[in-house]
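Student: Generate coordinates for the sequence data below:
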Amino acid sequence: MKAFLLAAGLGTRMRPLTDATPKCLLPVRGVPMLAIWLDLCHRHGISEVLINAHTHGDQVRDYLAAHRNGVKTTMVEEPVLLGSAGTILANRKWVEGEGCFWIIYADVLTNASLGRMMQFHRERRGLATLGGYEVPDPERCGIMEVDAERRIHRFVEKPKAPVGRLAFSGLMIADAAVLDRIPAGPRADLGFDVLPRLAGEMYAWPISDYLLDMGTLENYERAQKTWPGLD
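Tutor: Numbering: from 1, shown residues only. Modelled structure (predicted):
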């Protein structure tokens, strides 16, 4: 099983911490986020990970070279940001022959059971499965509307008038057919350009485990106090 680990964000909301360090290498209780993700992938049978990087890519490359954890890693640097979906499309050959693959936002801190989510995906047989969790501020998230079978019938990124609080967590399983639904272009975003088009063909898996969006300094500080670890 393969996974895209999206780590090329600028991390502007995390400054000044990200002025000299890429967000994926910021430590949580002494362990870099990247190490936590590679450990979680290894525990759940993900054997290969492609990591994209933009600023401070040299640090990410050096870290991967110095730290082996049983997961084969491929790093690609993006001189110009392609967007979350643009990265997937630009590297579609990397997942050629895979029936499905993971798409993971590297700035999400979680100990979610990826195995249970994969089982859910295989049982539902949708085009994609999105991990979902309730948020207090839906205006800044991708919001899903689901039916009783947990089929997502509407997805809106950063809605001005949200009708619910079930947000996309940044964990996604995509079938290979999703690659053909990504618009070609210099840049494409999953939340704005792809997921709304998949409404009715994907499902939401509720995440009840620890999960925190590490996109702000406030949440980064909260993680230092609340992160339970993977064990």
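Student: so who does residue 211 touch?
Tutor: Residue 211 makes contact with 108, 109, 110, 112, 131, 133, 169, according to Cβ atoms under 8 Å, 6 or more residues apart in numbering. (Glycine included, C-beta is placed from N, CA and C.)
Student: what's around the closest residue to residue 106 other than its chain neighbours, how many residues?
Tutor: What sits nearest to residue 106 in space, not counting adjacent residues and going by Cβ to Cβ, 6 or more residues apart in numbering, is residue 7, at 3.8 Å. Neighbours of residue 7 under the rule other Cβ atoms under 10 Å: 25.
Student: What are the phi and psi values at residue 7?
Tutor: Backbone torsions of residue 7, given as degrees, to the nearest 10, read phi -140, psi 20.
Student: now it: how far from residue 127?
Tutor: 25 Å (Cβ to Cβ, to the nearest Å).
Student: what sits against residue 18?
Tutor: Residue 18 makes contacts with 10, 11, 12, 26, 55, as judged by Cβ under 8 Å, 6+ apart.
Student: which among those residues gets closest to residue 43?
Tutor: For the contacts of residue 18, the closest approach to residue 43 (Cβ to Cβ) belongs to residue 26, at 21.4 Å.
Student: thinking the closest one is in contact with residue 33, fair?
Tutor: Yes: look at residue 26 against residue 33 with Cβ atoms under 8 Å: they come within range, at 6.0 Å.
Student: Settle it for me: which of those two has more neighbours?
Tutor: residue 33 (23 against 18).
Student: And the pLDDT at the spatially closest residue to that one that is not a sequence neighbour?
Tutor: Leaving out its chain neighbours, the residue that sits closest to residue 33 by Cβ to Cβ, 6+ apart is residue 24, at 5.1 Å. We have a pLDDT of 92 for residue 24.
Student: who touches residue 24 in this structure?
Tutor: 5, 7, 32, 33, 34, 37, 51, 53, 60, 106, 107.
Student: Using the three-state scheme, assign it.
Tutor: For residue 24, the secondary-structure state derived from DSSP: H, G, I helix; E, B strand; the rest coil is helix.
Student: wait, what's in contact with residue 82?
Tutor: Contacts for residue 82 were tallied using Cβ under 8 Å, 6+ apart; they are 8, 52, 89, 90, 186, 187, 188.
Student: try it again with 7 Å
Tutor: 90, 187 (Cβ atoms under 7 Å, 6 or more residues apart in numbering).
Student: sorry, back to before: and the contacts of residue 24, which is the shakiest by pLDDT?
Tutor: Ranking those by pLDDT, residue 53 lands last with 88.
Student: Just give the nearest non-adjacent residue to that one, would you?
Tutor: Nearest in space to residue 53, with sequence neighbours left out and distances taken as Cβ to Cβ, 6+ apart, is residue 60 at 4.6 Å.
Student: Does the one you found touch residue 76 like I think?
Tutor: No: the criterion here is Cβ atoms under 7 Å, and residue 60 misses it with residue 76 at 10.4 Å.
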